[in-house]
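1. got a predicted structure here, sequence first:
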Protein chains: 2
Amino acid sequence: MSRKERRVRVDLADRSYDIAIGEGLTGRLGELALEAGVGTSSNCLVVTDDNVAKTGHLRRAVDSLQRSGYKVFEAIIPAGEESKNLRKAELLYDKAFEAGLDRKSAIFALGGGVVGDLAGFVAATYMRGIVFIQVPTTLLAHDSSVGGKVAVNHPKGKNVIGAFHQPKLVVYDISALNTLPEREIRSGLAEVIKHGLIWDADFYEWLESSTDRIKALDPQIMEDLLARSCSIKAAVVAQDEKENGLRAILNFGHTLGHAIESLSKYGTYTHGEAISIGMAFASEMSAEFGRINRDSVERICGLLERIGLPTEVPLDLDPKELLNSMKQDKKATGGNLTFVLLSEIGRVEVVKNIDEAKVLDLLCRLGRKSV
Amino acid sequence: MSRKERRVRVDLADRSYDIAIGEGLTGRLGELALEAGVGTSSNCLVVTDDNVAKTGHLRRAVDSLQRSGYKVFEAIIPAGEESKNLRKAELLYDKAFEAGLDRKSAIFALGGGVVGDLAGFVAATYMRGIVFIQVPTTLLAHDSSVGGKVAVNHPKGKNVIGAFHQPKLVVYDISALNTLPEREIRSGLAEVIKHGLIWDADFYEWLESSTDRIKALDPQIMEDLLARSCSIKAAVVAQDEKENGLRAILNFGHTLGHAIESLSKYGTYTHGEAISIGMAFASEMSAEFGRINRDSVERICGLLERIGLPTEVPLDLDPKELLNSMKQDKKATGGNLTFVLLSEIGRVEVVKNIDEAKVLDLLCRLGRKSV
Ligand SMILES: NC(=O)c1ccc[n+]([C@@H]2O[C@H](COP(=O)([O-])OP(=O)(O)OC[C@H]3O[C@@H](n4cnc5c(N)ncnc54)[C@H](O)[C@@H]3O)[C@@H](O)[C@H]2O)c1
Ligand SMILES: NC(=O)c1ccc[n+]([C@@H]2O[C@H](COP(=O)([O-])OP(=O)(O)OC[C@H]3O[C@@H](n4cnc5c(N)ncnc54)[C@H](O)[C@@H]3O)[C@@H](O)[C@H]2O)c1
Ligand SMILES: [Zn+2]
Ligand SMILES: [Zn+2]
């Protein structure tokens, strides 16, 4: 347990930070925070959700922080995407005030992407930004812990109210995955596969050949997987912190994915499931436009399915509504459709002004296909 | 009217921007925005308050923007500090959504500091930050238009929820001052005097010798005054964008000023009035600590009074409560009292760990003095 953890560096000038990855790191949160320069003179706040609070992670995190001399307050939000809104942010501002947080204080986000995005938004805006530490407890949250995107949802759209606020440190405890429901594991693997597809054919092949050990959550394999997946995202983000260019490739599978999440009111599919369908669709589109061959499409859908992720466009969602939703995506500008398409496995391109008719046609055909 | 306006450059690497100062600039807002690179392809939103809407400034601004090809939507908030909260921000997010704003859109803040801070906060957080243009219509707002601080209030504290978000351009139309109530003019002059006191003895003397023409709002004088006052703030901000050091000197007069505003529930005193009292007090403190002589104190109080600003600690506010409020100021860390004190006119120093007893004693004495 006291062996050295893995480190992935996110390189962002004076906002650079480390992602520490290893087993049992929650129990060392305090010393890791101290080492990263998080001060103990002001009070700090640990935000988590009621599921995570039940697992014992919260206790371990708080105990470790206290042992290292931190004065810790806790805020527990109800689990689920519904908590990611301005009202809950307001409750956390209140909480921060009650806890006496000042400009030297830190907020720890212990949980999945919901806790991370919400607590991160509060850290970004409380007193114009205080220190923020991510302690992801889901697989998906390895993704949200790199890149500094924090946000809450607006009734009209997901993540519409947000900021860029880099954490000072990310502490990824592999052991947290042991209590995570299988469906959430699969959801996180969708983003891992995405990272392989957009950036690193070797990593993608490694994922194909390691599927069984991944599904068994073999600690050594998960450590490798997380370190590589985080490194890819870190490399992209380091080149485009504020999403003005390259970072758009991270949106692979997300154009349709977001539309599916939005039209199914975020109830039917997890984020990973939605983007799994989105990635399968973007692969089909890539083949349709002659960018990749059908073998690659089969290979991609094959891996997603072996992981247990869906690949087919839901029949109950109207293709026209999906199209409209995609055009209103906040990544769209001026109502034009943009897609990230594959050039080969491991390389993508952002393609603007995509022909709507083609997308609609493919949505209809793929919908029919699965009948 | 078509003669070239004045320009003050705020130097912040890739976030640098210009402050254009001149008569009648609202009528040229569209062309100035175009020139600054604000695109016309996406819709934009002009935020103002109902007082400003009545004056005709709104009409002029919108007409000019439309003439330059902008698709303009309007949002009018009720005038007053009470509008600077998360609820109103939420209404503006709704409005932004209805207006179809996307990541390439711009938000124009036409009004005083309230409109600027609120609309700026929305611009900072809508889709993680969109373009923001300030069109100040109060004298005080020349101050808020330099530095990128945007915020809304929390029930427990002013400006507690905020961000740093630099505008892409500031358009300061001197003519707006003609409709501004005299008390608001005076309030703005307090910050102008502050800039002289903390940074530029020449400017301070110029203010002393120009008092009458300033009070008459002589356009040439006001242009000079604004350009110099903005330049000082720009110089400070350029050296410390995120308020980690030097920028603290801008807090001169604000430690007690904020406490007065807070204890009088933001009703009795304008911001400028409160910091005028705060500056007088900080000057007294500086003399008390042997940093400046009594002549300087008299000179400073003299100028403030000739402008029509208050300099005496309100008798109805309890010194102990004022002290407590100062210790809770969000600029305070760990409950220690920090004051910006004068070394001479034109130069200040940030002094930490100020002896509470001395402050309390002086508050009591000055309170008594004015009986
Ligand atoms: N900021 C970013 O860059 C980014 C990137 C991807 C996703 N996201 C956001 O992340 C969110 C989704 O993240 P998520 O899937 O982690 O969701 P989540 O936070 O809702 O977690 C999923 C579920 O797992 C539970 N859980 C978390 N950790 C657990 C553990 N160790 N043991 C048992 N149960 C546990 C949670 O209570 C929740 O019920 C979305 O809101 C999405 O927008 C953000
Ligand atoms: N962001 C910063 O750096 C910064 C700096 C200083 C102050 N502030 C904030 O600014 C606010 C105070 O600014 P303010 O004094 O401009 O307040 P304000 O916006 O409330 O304006 C004062 C009053 O003047 C009216 N008004 C504005 N322009 C007018 C015009 N041209 N003609 C007639 N009436 C007009 C307004 O409707 C309002 O009633 C505070 O909330 C303060 O926190 C921010
Ligand atoms: Zn995603
Ligand atoms: Zn001020």
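-> On my side now, so go ahead. Ligands and ions are numbered 1, 2, ... in the order given.
2. from ligand 1, how far out is residue A:312?
-> 21 Å (C-beta to the nearest ligand atom, to the nearest Å). Every C-beta, even on glycine, is put in place using the N, C-alpha and C of the backbone.
3. which helices and strands sit right next to the top strand by length along chain A?
-> Once chain A is assigned using DSSP state E, the strand that runs over the most residues is strand A:157-164. Contact here means 3 or more C-beta pairs under 8 Å, 6 or more residues apart in numbering or on different chains; DSSP states H and E; on that basis strand A:157-164 packs against helix A:113-125, strand A:149-154, helix A:254-263, helix B:86-98, helix B:113-125.
4. can stretch A:61-80 be said to contact chain B?
-> No. Stretch A:61-80 is not in contact with chain B by C-beta under 8 Å from any C-beta of the partner chain; minimum separation 10.8 Å.
5. just the endpoints, please. Distance across that stretch?
-> One end of stretch A:61-80 to the other measures 21 Å (C-alpha to C-alpha, to the nearest Å).
6. also stretch A:31-50?
-> Span of stretch A:31-50 from end to end, C-alpha to C-alpha: 25 Å.
7. just to revisit the earlier point, what mean pLDDT does the longest strand of chain A get?
-> Mean pLDDT, computed over strand A:157-164, is 93.
8. chain center to the helix or strand following that strand, what's the gap?
-> Using DSSP states H and E, the next helix or strand after strand A:157-164 towards the C-terminus is strand A:169-173. Relative to its chain's centre, strand A:169-173 lies at 14 Å (C-alpha atoms, centre = their mean, to the nearest Å).
9. what's the first helix or strand after strand A:169-173?
-> Past strand A:169-173, the next helix or strand by DSSP H and E is helix A:182-199.
10. check the offset of that following helix from the chain's centre.
-> For helix A:182-199 - counting by C-alpha atoms, centre = their mean - the centre lies 9 Å from the chain centre.
11. and stretch A:311-331, by the same measure?
-> 21 Å.
12. quick one: end-to-end length of stretch A:105-115, please.
-> Per C-alpha to C-alpha, stretch A:105-115 runs 18 Å from first to last residue.
13. close to ligand 1, is the host helix or strand of residue A:143?
-> Per DSSP H and E, residue A:143 falls inside helix A:141-144. Yes. Residues of helix A:141-144 contacting ligand 1 under C-beta under 6 Å from any ligand atom: A:141, A:143, A:144.
14. in CSV, list these along with pLDDT.
-> Below are the residues of helix A:141-144 next to ligand 1 laid out as CSV (pLDDT from 0 to 100):
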residue, pLDDT
A:141, 96
A:143, 95
A:144, 94
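15. what is the nearest of these to ligand 1?
-> residue A:144 (3.2 Å; C-beta to the nearest ligand atom).
16. what distance do you get for that closest one to residue A:60?
-> 21 Å (C-beta to C-beta, to the nearest Å).
17. of the two, who's got more company?
-> residue A:144 (26 against 20; other C-beta atoms under 10 Å in any protein chain shown).
18. so what's the residue count around the closest residue to that one other than its chain neighbours?
-> In space, and not counting its chain neighbours, residue A:144 is closest to residue A:113: 4.3 Å by C-beta to C-beta, 6 or more residues apart in numbering or on different chains. By the criterion of other C-beta under 10 Å, residue A:113 has 24 neighbours.
19. residue A:113 contacts residue A:271, correct?
-> Yes. At 7.4 Å, residue A:113 and residue A:271 qualify as touching, with contact defined as C-beta atoms under 8 Å.
20. contact partners for the residue of the stretch 251-371 of chain A found nearest ligand 1?
-> Nearest residue of the stretch 251-371 of chain A to ligand 1: residue A:271, at 5.0 Å (C-beta to the nearest ligand atom). With contact set as C-beta atoms under 8 Å, 6 or more residues apart in numbering or on different chains, residue A:271 has these partners: A:113, A:140, A:187, A:190, A:257, A:261.
21. quick one, the one helix or strand residue A:358 maps to and helix A:254-263 angle?
-> For residue A:358, the host element (DSSP H and E) is helix A:356-369. Helix A:356-369 and helix A:254-263 are oriented at 60 degrees to each other (axes from the mean of the first three to the mean of the last three C-alpha atoms, to 10 degrees).
22. could you measure residue A:89 against chain B, distance?
-> 8 Å (C-beta to the nearest C-beta, to the nearest Å).
23. how about residue A:328?
-> 9 Å.
24. what pLDDT does that residue get?
-> pLDDT at residue A:328 comes out at 79.
25. how many other residues sit next to it?
-> Going by other C-beta under 10 Å, the residues that sit close to residue A:328 add up to 17.
26. how close does it sit to residue B:101?
-> For residue A:328 relative to residue B:101 (C-beta to C-beta), the value is 12 Å.
27. identify the residues contacting whichever residue of the stretch 151-300 of chain A sits closest to ligand 1.
-> The stretch 151-300 of chain A approaches ligand 1 most closely through residue A:179 (3.6 Å), counting by C-beta to the nearest ligand atom. Residues near residue A:179 by C-beta under 8 Å, 6+ apart: A:55, A:57.
28. am I right that residue A:341 sits in a strand?
-> Yes. Using DSSP: H, G, I helix; E, B strand; the rest coil, the assignment for residue A:341 is a strand.
29. just to check, it is in contact with residue A:358?
-> No. Using C-beta under 8 Å, residue A:341 is not in contact with residue A:358, being 11.8 Å away.
30. and those two? which has more neighbours close in?
-> residue A:341 (20 against 13).
31. give the closest residue to that one in space, chain neighbours not counted.
-> residue A:286 (4.4 Å).
32. mutual contacts of residue A:341 and residue A:358, please.
-> The contact lists of residue A:341 and residue A:358 share residue A:285, where a contact means C-beta under 8 Å, 6+ apart.
33. could you give the number of residues near residue A:268?
-> Look at residue A:268: counted by other C-beta under 10 Å, it has 14 neighbours.
34. which SSE is the closest residue to it other than its chain neighbours in?
-> Spatial nearest neighbour of residue A:268, excluding adjacent residues (C-beta to C-beta, 6+ apart): residue A:314 at 7.6 Å. For residue A:314, there is no helix or strand it lies in under DSSP H and E.
35. do you know how far residue A:314 is from chain B?
-> Noted for residue A:314: a distance of 26 Å to chain B, by C-beta to the nearest C-beta.
36. do I have it right that that residue meets residue A:277?
-> Yes. Assessed by C-beta under 8 Å, residue A:314 is found in contact with residue A:277 at 7.3 Å.
37. which residues do the two both contact?
-> residue A:260.
38. higher neighbour count, those two?
-> Per other C-beta under 10 Å, whichever of residue A:314 and residue A:277 has more neighbours is residue A:277, with 26 against 17.
39. does the more buried one touch residue A:305 like I think?
-> No. Residue A:277 is beyond contact range of residue A:305, at 11.4 Å (criterion: C-beta under 8 Å).
40. what touches both of those two?
-> Joint contacts of residue A:277 and residue A:305 (C-beta under 8 Å, 6+ apart) are residue A:311.
41. residue contacts, the nearest residue to residue A:150 once chain neighbours are set aside?
-> Sequence neighbours aside, residue A:120 is the residue nearest to residue A:150 in space, at 3.1 Å (criterion: C-beta to C-beta, 6+ apart). Residues in contact with residue A:120 (C-beta under 8 Å, 6+ apart) are A:107, A:109, A:132, A:134, A:150, A:151, A:165, A:167.
42. ok, residue A:150 to residue B:34 distance?
-> For residue A:150 relative to residue B:34 (C-beta to C-beta), the value is 33 Å.
43. between the two, which one's more packed in?
-> residue A:150 (29 against 15).
44. partners of that one in the sheet?
-> residue A:163 (DSSP bridges).
45. hmm, residue A:123 and it touching each other?
-> Yes. Residue A:150 is within contact range of residue A:123, at 7.4 Å (criterion: C-beta under 8 Å).
46. what's the overlap in contacts for those two?
-> With C-beta under 8 Å, 6+ apart, residue A:150 and residue A:123 have common neighbours A:132, A:165.
47. please name the residues that touch residue A:171.
-> Taking C-beta under 8 Å, 6+ apart, one finds A:20, A:25, A:26, A:28, A:29, A:32, A:33, A:133, A:134, A:135 in contact with residue A:171.
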